Structures are given as C-alpha cells and as structure tokens.
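S.K.: Got a sequence here, can you build the structure:
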Amino acid sequence: MDIFEFKPRKGAGTLRMGDSDELVLVDCFDGMPAGRIKPMDHGIIIICTAGAAQFEYDGQTIQLNKNDLFLYMVRSVVEKFMSTPDFNCRQIWFSRGEMWNMNTFTKSSLSDVVLLKQHPKASLSDTDVALFDSYYQQLSHHMRNSSLALYPDIVRSIVSTFLLEVLSVLRRGEQRTKGDNAFGNTGLHGKKLADRFMQLAEQSDGRIRRVDEYAKMLNVTPKYLSKLLMETMNRRPSEMVHFFTLQAIENRLRFTDMTMQQIADDLQFPNASFFGKYFKEHSGMTPMEFRIKYQNNNEEE
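M.R.: Numbers count the residues shown, from 1 in each chain. Down below sits the predicted model:
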C-alpha cells in the first residue's frame, strides 16, 4: 500500500514563520486522510485538548485522550486513524532541519531516540497542562508578531525549550514503566548495543555508510544488528545511517561555503556526482537546490 505524504495544513488556525513549512503551529484538528500516512519530513508535538483518537504508529497502537501528549518522530508511518466527533488537538510541526537548527537533541542522550520510539505518549498532569499551555501561548504570540527584533531566534528558543519539556515528561513516563521490559526480548544488553550503534552512526558524521562496518565495530553480524534495531526502534540500521549522513550533508550545505566537491571529499564519497545522486535520492532535492532553499528561507526571516 502506498504511503501518503501528509503536509501541515494552511489557513485559519495555523501560524508559520513566513510561508515555510519548516515550523508550523496548528491550533485545532482538521481531519486526517485515509490510508497510510507519513507527515512529510517532520516531527510533531501533539496535545489532545478534547475527545479521543486511536491509530497505529509504526505498528504500535496509540490511544489519545484529553491531556495526552504524543510525539511523532520523523519518517514514522501512521495508519488506521479513528477519532470521536469531538476530538481536537494542538500541534507543533518542526522539520528535521529546524530540529537541528535548534540544536535541541544535543542536550539529550541518543538513547532518547530509542525511548521515544517505545514511549511516544504520556498523560499530562494539571501542572503539565498549565505549563505547556503557557509555552504554546508564548509561541503563538511571537509567531503573530514577526516584526519583533530577533523574531526567528525567539521562536526557535521557545520551541527548543518546549521540546526539552516534552522529553522530560516522556522520560518520566518511561521510568514508571521500566519494569515492563520496554525493549521486548532484547533486554539491557540489546538496548546498550542499540545505543552504541546510534552513537557510532552520529560520530561518523556521515563518513561511514555501510551497515556491515558498524556490525563489525559492535562485534555482531549485520543480520543481528538489523533484528536488534527493528525490535528496539522499528527501524533498519540503514535508515539511521542515512539519517545521520543527511544531517552531516545538510549542516555543511547550510552552515559552510564548502563546494559540492569539497563536501564529497570530506564525507568520503567517490566523487561529486555520486554525492549529488545520494543526496537527491534521500532528500528529494539536489544539494544546490537545498542550499538555495535554505538561504532563501533565511532571507525571508
């Protein structure tokens, strides 16, 4: 079955920085398309404000009720969505590029990526609800007042803090369920191997792109590594390698003046042509198109 790319809606009840979909605030629920859905290349913070909903998230059944928080992670698939007529929620959409731009996840352990795949939902206390409502109102205020000095930086700072608060709440929920063997049959040893793989993939900074090389470093077979990542994260190792490779490429395109050949050499691609094909295959844009788009977004801000 095909996967439908779901975009953040436009119109009443939405706020953006300029016309970009990189960071979008959605104040109310406006329905979901049928079938298998992947919300573009975004993460989404969702807080249920009324009613109830149920759906499958990478094969895991999720039920949302009022004051439940759910964090959708980039590239996950949602299907079989159902909701009560009065279901409503607030949403904050942030692209992968915006997440790195805010530099939020350098403040947390890479093991959080595994945790969030297993525990993407938490029930908020009254204190949590009041706190998140305060952040949301601040964010709404500043996104409506784009003429303010340092407007983009202020917005990103609020979203970054919002995300850290989300991580804090989800970590708290995970601690309450530690005895439930959250990692299936993989146990503590499997969790540590998954964490170590993620660390190695990030530390390679896009230079190691073969799964068998990581398996060798971890003293396991590629087949076992693949099984382990599927059990802990519902992801293939190659997907995570591509994720960190794209991060390395995009950081160089966005924050340096390196030429395409220099980036290809730095990241140990055979040549600039191979590098360009790799990036387009995994991002949908050529490296130059990405660089121009990012520069244009900065100029608009």
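S.K.: hey, let's count contacts and neighbours off CA atoms from now on
M.R.: Noted.
S.K.: any idea which helix or strand of the protein has the worst average confidence?
M.R.: Here the helix or strand of the chain ranked lowest by mean pLDDT, DSSP states H and E is helix 111-118, holding a mean of 60.
S.K.: need the next SSE after it, C-terminal direction.
M.R.: strand 121-123 (DSSP states H and E).
S.K.: what residues does stretch 71-80 touch?
M.R.: Residues from elsewhere that reach stretch 71-80 (CA atoms under 8 Å, 6 or more residues apart in numbering): 3, 34-46, 54-58, 96, 116-117, 120-121.
S.K.: Can I get the buried part of the residues you listed as one ChimeraX selection?
M.R.: Here is the ChimeraX command that selects the buried residues among the contacts of stretch 71-80 (16 or more other CA atoms under 10 Å):
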select :36,37,38,39,40,41,42,43,44,45,46,54,55,56,57,58,96,116,117,120,121
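S.K.: So which of the contacts of stretch 71-80 sit within strands?
M.R.: Among those, the members found in strands (DSSP state E) are 3, 36-38, 42-46, 54-57, 121.
S.K.: just the residues you listed now: which is nearest Arg235?
M.R.: When those are compared for distance to Arg235 (CA to CA), Tyr57 wins out at 12.6 Å.
S.K.: Spit out the contact partners of the closest one.
M.R.: By CA under 8 Å, 6+ apart, Tyr57 lies in contact with 76-79.
S.K.: hey, which helix is longest across this structure?
M.R.: helix 151-176 (DSSP state H).
S.K.: Determine the set of other helices and strands touching that one.
M.R.: helix 96-102, helix 111-118, strand 121-123, helix 126-144 (3 or more CA pairs under 8 Å, 6 or more residues apart in numbering; DSSP states H and E).
S.K.: Could you list the buried residues of the longest one?
M.R.: Judged by neighbour count using 16+ other CA under 10 Å, the buried positions of helix 126-144 are 128-129, 132, 135-136, 139-140, 142-143.
S.K.: Closest to Gly190 out of those?
M.R.: Asp128 (32.5 Å).
S.K.: confidence score at that closest one?
M.R.: For Asp128, the pLDDT comes out at 95.
S.K.: just Gly184 next, same as before
M.R.: pLDDT, read off for Gly184, is 46.
S.K.: With Asp58 instead?
M.R.: Looking at Asp58, its pLDDT reads 81.
S.K.: What separation is there between it and Arg235?
M.R.: Per CA to CA, to the nearest Å, Asp58 is found 9 Å from Arg235.
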